[in-house]
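Asks: what follows is a protein structure lacking sequence information:
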Ligand code: HEM
Ligand SMILES: *[C@@H]1O[C@H](CO)[C@@H](O)[C@H](O)[C@H]1NC(C)=O
Ligand SMILES: *[C@@H]1O[C@H](CO)[C@@H](O)[C@H](O)[C@H]1NC(C)=O
């Protein structure tokens, strides 16, 4: 068992003291930051050192690892379902519309997992590796630190339908995106704070081209997009072709985790439609954008809090699921 006697007692005591789950600061009694303190004391250090090495080699990797945790949590909960390759009855989520030609970082997760298997075999879940790597990536890019609640277990399956349906698309309406967040227990503040992830990383031309050309016959021109910025984007995102050309989500400081993303939205230089609508569509989110643009510490605080909330989406605990030995496949397949 991964639970040591003492941490088990802590959980028991917490349960006895508080029948209501409001009493658990981490959203549930089963995830807590000390989960591996006895079973694998070096776990967090190992994850951090390998993430640091990967980000030093390529700054974008911080963004890619942060996004992996999001795309994991929105499909069947934070259970590493996104890491499974297709095999037998499993159809990999890697082939879904939001993921294909887009999500990356799997080799880094593999490297972390094999180092963990050497240090403490069959102990640290792939889902927890994703949660830790997302936090470490944020810190390495200059963003806030938070204690990561741990103890997730890994799924026994994947859901490509879930991946296609639950993860918001960049051209979804504001209402659709908010609904997709609410279905996962996240609210409007979480939506704005977590969208701040787009302060780092890159997007392909295909994810925002619709904003640049009159292709659907409606909603053009996009008055929420600065015309000079649009012209600049068109130079490398042509009407057809160049689908995979890459653009910074935050052109001001593409590898720095800061609040310039929110200032961009106020200047109509958000890259994705899903970014810009946070400022243009709704007074409540507009107010939050303005607050974060003016107060970096508030953004950092809310971001950390919302990341913990996102990381708590329906984890597998107890004897559910398994601790995968190789994140790409089930233990018995
Ligand atoms: C609110 C709804 C969201 C939408 C519609 C959305 C959509 C997108 C799209 C279209 C891209 C570019 C993908 C590509 O073209 O290859 C992207 C990149 C990214 N997203 Fe989101 N996203 C959302 C929320 C989030 C959240 C909640 C997080 C993290 C907590 C996140 C983290 C990232 C990161 C870090 C990147 C850059 C990845 C890289 O460079 O590899 N996004 N997102
Ligand atoms: C959103 O983008 C997808 C993929 O490019 C496209 O198939 C779909 O028609 C777009 N939806 C709207 C409402 O424009
Ligand atoms: C966009 O295209 C539609 C039909 O394809 C046309 O009726 C409309 O006038 C165009 N709008 C602009 C602003 O060019």
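Replies: All right, it came through fine. This structure is a prediction, so every number in the text was calculated from the model and none was measured. Ligands and ions are numbered 1, 2, ... in the order given.
Asks: show me what residue of the stretch 101-250 of the chain gets nearest to ligand 1.
Replies: residue 201 (2.4 Å; CB to the nearest ligand atom). Just so you know, the C-beta spots here come from the backbone N, C-alpha and C atoms, and that holds for glycine as well.
Asks: so which residues of this protein form strands?
Replies: Here the chain has its strands, by DSSP state E, at 202-204, 246-248.
Asks: what helices or strands is the first one leaning on?
Replies: Counting contacts by 3 or more CB pairs under 8 Å, 6 or more residues apart in numbering; DSSP states H and E, strand 202-204 is packed against strand 246-248.
Asks: which positions in this structure make contact with ligand 1?
Replies: Contact residues (CB under 6 Å from any ligand atom) of the chain with ligand 1: 60, 63-64, 66-67, 70, 102, 104, 168-170, 177, 191, 194-195, 197-198, 200-204, 207, 249, 272, 274.
Asks: any chance of the strands of the chain in TSV with mean pLDDT, mean neighbour count and distance to ligand 2 as columns?
Replies: Formatted as TSV, the strands of the chain follow (pLDDT from 0 to 100; neighbours: other CB atoms under 10 Å; distance: least, CB to the nearest ligand atom, whole Å):
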stretch	mean pLDDT	mean neighbour count	distance to ligand 2
strand 202-204	98	18	11
strand 246-248	98	16	16
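Asks: save those strands as JSON lines, and put in distance to residue 114 too.
Replies: JSON lines is the format used below for these (distance: least, CB to CB, whole Å):
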{"stretch": "strand 202-204", "distance to residue 114": "27"}
{"stretch": "strand 246-248", "distance to residue 114": "29"}
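Asks: adding distance to ligand 3, write these out as a markdown table.
Replies: Formatted as a markdown table, the strands of the chain follow (distance: least, CB to the nearest ligand atom, whole Å):
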| stretch | distance to ligand 3 |
| --- | --- |
| strand 202-204 | 24 |
| strand 246-248 | 23 |
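Asks: quick check: the residue of the stretch 101-250 of the chain closest to ligand 1 vs ligand 3, distance?
Replies: 31 Å (CB to the nearest ligand atom, to the nearest Å).
Asks: and residue 196, by the same measure?
Replies: 32 Å.
Asks: got it, and residue 199?
Replies: 32 Å.
Asks: and the pLDDT for the residue nearest to that residue when sequence neighbours are not counted?
Replies: In this structure, residue 199 finds its nearest non-sequential neighbour in residue 261, 3.9 Å apart by CB to CB, 6 or more residues apart in numbering. At residue 261, the model reports a pLDDT of 98.
Asks: what about residue 261, how many residues nearby?
Replies: Other residues lying near residue 261 total 28 when counted by other CB atoms under 10 Å.
Asks: so it touches residue 196, yeah?
Replies: Yes. With contact defined as CB atoms under 8 Å, residue 261 reaches residue 196; the gap is 5.6 Å.
Asks: on that earlier part again, inside helices: which ones of the residues of the chain next to ligand 1?
Replies: 60, 63, 64, 66, 67, 70, 177, 191, 194, 195, 274 (DSSP state H).
Asks: of the residues you listed, keep whichever come out buried.
Replies: 60, 63, 64, 66, 67, 70, 177, 191, 194, 195, 274 (16 or more other CB atoms under 10 Å).
Asks: now the closest residue to the last one other than its chain neighbours: how far from residue 249?
Replies: Think residue 274. Once flanking residues are discounted, residue 274 sits nearest to residue 170: 4.7 Å by CB to CB, 6+ apart. As for residue 170, its distance to residue 249 is 10 Å (criterion: CB to CB, to the nearest Å).
Asks: just residue 50 next, same as before
Replies: Applying CB to CB to residue 50 and residue 249 gives a distance of 24 Å.
Asks: same check, this time on residue 96
Replies: For residue 96, the distance to residue 249 - CB to CB - is 20 Å.
Asks: which residues touch stretch 244-259?
Replies: 59-60, 62-63, 101, 138, 141-143, 196, 198-206, 208, 229, 233, 236-237, 260-261, 263-264, 269, 271-272, 275, 292-293, 295-296, 299 (CB atoms under 8 Å, 6 or more residues apart in numbering).
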